[in-house]
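[1] need a structure here:
(one chain, ligands or ions: 1)
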Amino acid sequence: MRTVILGSGVIGVTTAWQLAREGHEVVVLDRQPVAANETSYANAGLVAPGHALTWSSPRAPKILIKSLFQDDQALRLKLSADPRLWSWCMKFLRNCTSERARRNTLRKLKLCVYSQTALQELVAETGVEYDGIRKGLLYVYRDEASLERGIANMAILREAGQRMETLDRAGVAKVEPAFESSRAAVAGGLYCPGDEQGDSNKFTCGLAERLKQRGVEFRFSTTITGFETNRDKVEKVVTDKGAVAADNIVIALGSYSPIVGRKLGLRLPVYPIKGYSVTLPVDGYNATPEVGGVDENNLVAWCKMGERFRLTATAEFSGYDTGHSPSDFVGMIRTARELFPQAADYERPSYWACLRPMTPEGTPIFGRGRHRNLWINTGQGHMGWTMACGSARITADLMAGRSPEIDTTGMIYGTA
Ligand SMILES: Cc1cc2nc3c(=O)[nH]c(=O)nc-3n(C[C@H](O)[C@H](O)[C@H](O)COP(=O)(O)OP(=O)(O)OC[C@H]3O[C@@H](n4cnc5c(N)ncnc54)[C@H](O)[C@@H]3O)c2cc1C
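    Numbering: from 1, shown residues only. Take a look at the predicted model:
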């Protein structure tokens, strides 16, 4: 069984792992010269079931409208004539009722928890290195009112079994001593001791190397341009380097899945939501937080990755533009300097911007369209690192005709 996987981000490579393990002959195609060179390159690194709240909530419409009129570092909505943006926003708004937000959050949480276990099992089996740290994650709040709101918002996760401790500012500094010098800047936080962190780029590249040793073929610098079909079967993937024959195909192209999928009649409700990330060297600095987390007021995430310190922020609706300038990073660096003045060399930043493949519900899309051998694994949005290994297992189960180990209601293409 020759399976061609489209995309070598964390989703494509974990899928390749799962399928190779189950005996498929696997070929992975990607336009980049190496694996994980787009969104999976420089994300926040948080494996965070504790952050599974869906973005579409009753508060979201007001926040979106406000962002049209203010220059906000956290959320930037630029209105354009793009019909895909309007269609996505309409679906997003339909998911902003409290009932749907609750349903979508619980689905996300279940997948995140399942996926984290799958990640841990994969790491134990392969020994892949990824600067992982298993000390939990901290979600901190700057004032009492936001801490109270955070506790109320997160209650749904706690009630569903997510381990979560409420901390005052002394408690935050006890969990992460890097907060000693900035205690006064936070009112407290929520600590999820089971959450973890690591570098998804290092993980994906390391896993790709292991897959190559197992005979999986990676064809890099290869752009997918179309397909050859015969009735309800896709026979070949057409690329700028020639056609590739396949028994099965998995589409794992992140934000580009809808563009390529459209060539086969798929209507994938995935929209690119841009995020910014900056990586700083930590050599010579001794107060880098080991416990990653999120400043929930400024929506800035932080994460130590080996000898690097990563910050990410911003959800920007600006189509497929991945450009950036130093001014895009000023706010997140200011936040980090305030919380962690001695964490890293803030004068030596490496900047990056990339696109979260977001669905209106916040849950990914699996299953297939009208072509019986074309499978979908995409739309993991702001949590693709967390959801990758579980999504790979679900995809492999569906392809094998098995029932996935968790309920995938609402995540199967054409049934949402
Ligand atoms: C700022 C930021 C912070 C984030 N933080 C976290 C976090 O802390 N935790 C978490 O769980 N998730 C996080 N995420 C989300 C996570 O990074 C993504 O969900 C995940 O990387 C998506 O992986 P993917 O494989 O679907 O997409 P990608 O990594 O983008 O991979 C898609 C691949 O498809 C290839 N491709 C596209 N079109 C073509 C074509 N036509 N031909 C050939 N190849 C093509 C691309 O080259 C790319 O390699 C964050 C995202 C951002 C932007």
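[2] what is the neighbour count of Ala118?
    Other residues near Ala118 come to 21 when the count uses other CB atoms under 10 Å. For glycine as for every other residue, the C-beta is placed from the backbone atoms N, C-alpha and C.
[3] actually Pro357, not the one I wrote
    For Pro357, the count of nearby residues is 27 (other CB under 10 Å).
[4] residue contacts, it?
    Thr39, Gly254, Ser255, Ser257, Val270, Pro272, Thr378, Gly379, Gln380, Gly381, Gly384 (CB atoms under 8 Å, 6 or more residues apart in numbering).
[5] which parts of whatever helix or strand Pro258 lives in are buried?
    Using DSSP states H and E, Pro258 maps to helix 257-261. Within helix 257-261, the residues that qualify as buried are Ser257, Pro258, Val260, Gly261, counting by 16 or more other CB atoms under 10 Å.
[6] what pLDDT is listed against Lys78?
    On pLDDT, Lys78 comes in at 81.
[7] do the same with the one 4 residues further on
    The confidence metric pLDDT takes the value 91 at Asp82.
[8] same check on the one 5 residues further on?
    Confidence at Ser87, expressed as pLDDT, is 95.
[9] now that we have the contacts of Pro357, which of them are buried?
    Using 16+ other CB under 10 Å, the buried ones in the contacts of Pro357 are Thr39, Gly254, Ser255, Ser257, Val270, Pro272, Thr378, Gly379, Gln380, Gly381, Gly384.
[10] which of the residues you listed fall in helices?
    Ser257, Gly384 (DSSP state H).
[11] dump the buried ones among the contacts of Pro357 to JSON lines, plus pLDDT and distance to Val186.
    Listed next are those as JSON lines, based on pLDDT from 0 to 100; distance: CB to CB, whole Å:
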{"residue": "Thr39", "pLDDT": "98", "distance to Val186": "29"}
{"residue": "Gly254", "pLDDT": "98", "distance to Val186": "33"}
{"residue": "Ser255", "pLDDT": "98", "distance to Val186": "33"}
{"residue": "Ser257", "pLDDT": "98", "distance to Val186": "38"}
{"residue": "Val270", "pLDDT": "98", "distance to Val186": "35"}
{"residue": "Pro272", "pLDDT": "98", "distance to Val186": "32"}
{"residue": "Thr378", "pLDDT": "98", "distance to Val186": "36"}
{"residue": "Gly379", "pLDDT": "98", "distance to Val186": "33"}
{"residue": "Gln380", "pLDDT": "98", "distance to Val186": "30"}
{"residue": "Gly381", "pLDDT": "98", "distance to Val186": "27"}
{"residue": "Gly384", "pLDDT": "98", "distance to Val186": "28"}
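[12] which strands or helices does the host helix or strand of Ile5 pack on?
    Following DSSP H and E, one finds Ile5 within strand 2-6. Helices and strands touching strand 2-6, by 3 or more CB pairs under 8 Å, 6 or more residues apart in numbering; DSSP states H and E, are helix 10-21, strand 25-29, strand 248-251.
[13] so which of those comes closest to the ligand?
    The minimum distance between the ligand and these falls on helix 10-21, with 3.4 Å, by CB to the nearest ligand atom.
[14] and the contacts of the closest one?
    3, 5-6, 8, 26, 28, 30, 35-36, 40, 122, 126, 200, 203-204, 207-208, 210-211, 214-216, 250, 252-254, 377-378, 380, 384-385, 388-389, 391-393, 395-396, 399.
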